[in-house]
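K.L.:
Sequence first, predicted coordinates after that:
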Amino acid sequence: MHVEELAVPGALVLSPTQHDDDRGTFLEWFRAEDLRAATGRDLTLAQANCSVSAAGVLRGVHYADVPPGQAKHVFCPSGAVLDVVVDLRVGSPAFGRSASVLLDDVDRRAVFLPEGVGHAFLALAEASTVVYLCSTGYAPGREHGVDPFDPDLALVWPTTGRDGAPLELRLSDKDRAAPSLQEALRAGTLPSWEACAALR
Ligand SMILES: Cc1cn([C@H]2C[C@H](O)[C@@H](COP(=O)(O)OP(=O)(O)O[C@H]3O[C@@H](C)C(=O)[C@@H](O)[C@H]3O)O2)c(=O)[nH]c1=O
């Protein structure tokens, strides 16, 4: 497993060693020891999620209140998504900065997001499946979103899928109505860098 920190502090991309043989392939998509070696922390497993998305579906940018926050370890076992992490921690030296990683069933990479980091992904193929391990359970009242098209975030969303066909973007009503970064900042819902640091 090769681990690299992304431009968003504490967020990682993890590239596994794939063991191919005449039956198929084998890989470790999560290894607590590697996460601990890279971050000095553990991911307490409270929930494991799975979503399946049509090509063009965009989910996010989502984040949870800190504390307790929700750290996530994200993997795409089938299909392809552009996974995006956004630093939403007020006071972070990288506040507003983002990083994108292609997660797919070829390289089979994974992304780790610490608490307070926003998460979004765009499905680049039909039936793209994303599974993720979460450090806390779902609490709808603690979940928030930021507009994935906010010019302040300057997120770049591909216009074609991995087969080269144009993508028609599809969002939930909730994500379409999400506030901008500045609106979320004014509303006081964004996590603070200090509160996130206190969790480590
Ligand atoms: C996130 C979540 C949703 N749900 C329900 C609520 C709703 O009826 C349905 C779909 O919920 P959403 O529209 O919020 O699903 P979705 O837009 O896929 O939300 C997810 O987006 C990605 C980017 C993340 O990082 C996740 O943490 C989560 O926020 O599933 C749960 O039961 N448990 C959960 O943990």
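P.N.:
Nice, thanks for sending it over.

K.L.:
For the chain, what lies in contact range of the ligand?
P.N.:
Counting by Cβ under 6 Å from any ligand atom, the residues of the chain lying close to the ligand are 49, 51, 59-60, 62, 72, 119-121, 138, 143, 172. C-betas here are computed from N, CA, C, even on glycine.

K.L.:
What segments of the chain are strands?
P.N.:
2-5, 12-15, 19-21, 24-26, 47-53, 58-64, 72-78, 80-87, 98-104, 110-113, 117-123, 128-134, 143-145 (DSSP state E).

K.L.:
For the ligand, what is the nearest residue in the chain?
P.N.:
As assessed by Cβ to the nearest ligand atom, the ligand sits closest to residue 138 within the chain, at 3.0 Å.

K.L.:
center of this structure, which residue is that?
P.N.:
The centroid of the chain falls nearest to residue 119 when counting by Cα atoms, centre = their mean (3.8 Å).

K.L.:
Confirm for me that that one is in contact with residue 113.
P.N.:
Yes: between residue 119 and residue 113 there is a contact under Cβ atoms under 8 Å: 5.5 Å.

K.L.:
For the residue of the chain positioned farthest from its centre, grab phi and psi.
P.N.:
Taking Cα atoms, centre = their mean, the residue of the chain most remote from its mean C-alpha position is residue 22, at 32.7 Å. Main-chain dihedrals, residue 22, degrees, to the nearest 10: phi -70, psi -10.

K.L.:
What are the neighbouring residues in contact with residue 123?
P.N.:
Taking Cβ atoms under 8 Å, 6 or more residues apart in numbering, we find residue 123 in contact with 53-58, 79-81, 161.

K.L.:
now it, nearest residue through space, not along the chain?
P.N.:
Leaving aside its sequence neighbours, residue 123 sits nearest to residue 53 (Cβ to Cβ, 6 or more residues apart in numbering; 3.8 Å).

K.L.:
and that neighbour, what is it in contact with?
P.N.:
Counting by Cβ under 8 Å, 6+ apart, residue 53 touches 59, 79, 81, 121, 123, 127-130.

K.L.:
In ChimeraX, how would I select the buried members of those residues?
P.N.:
The buried residues among the contacts of residue 53 can be selected in ChimeraX (16 or more other Cβ atoms under 10 Å) with this line:
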select :59,79,81,121,123,128,129,130
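
K.L.:
Save the contacts of residue 53 as CSV, and put in distance to residue 155 too.
P.N.:
What follows is those, written out as CSV (distance: Cβ to Cβ, whole Å):
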residue, distance to residue 155
59, 13
79, 20
81, 14
121, 11
123, 15
127, 23
128, 18
129, 22
130, 17
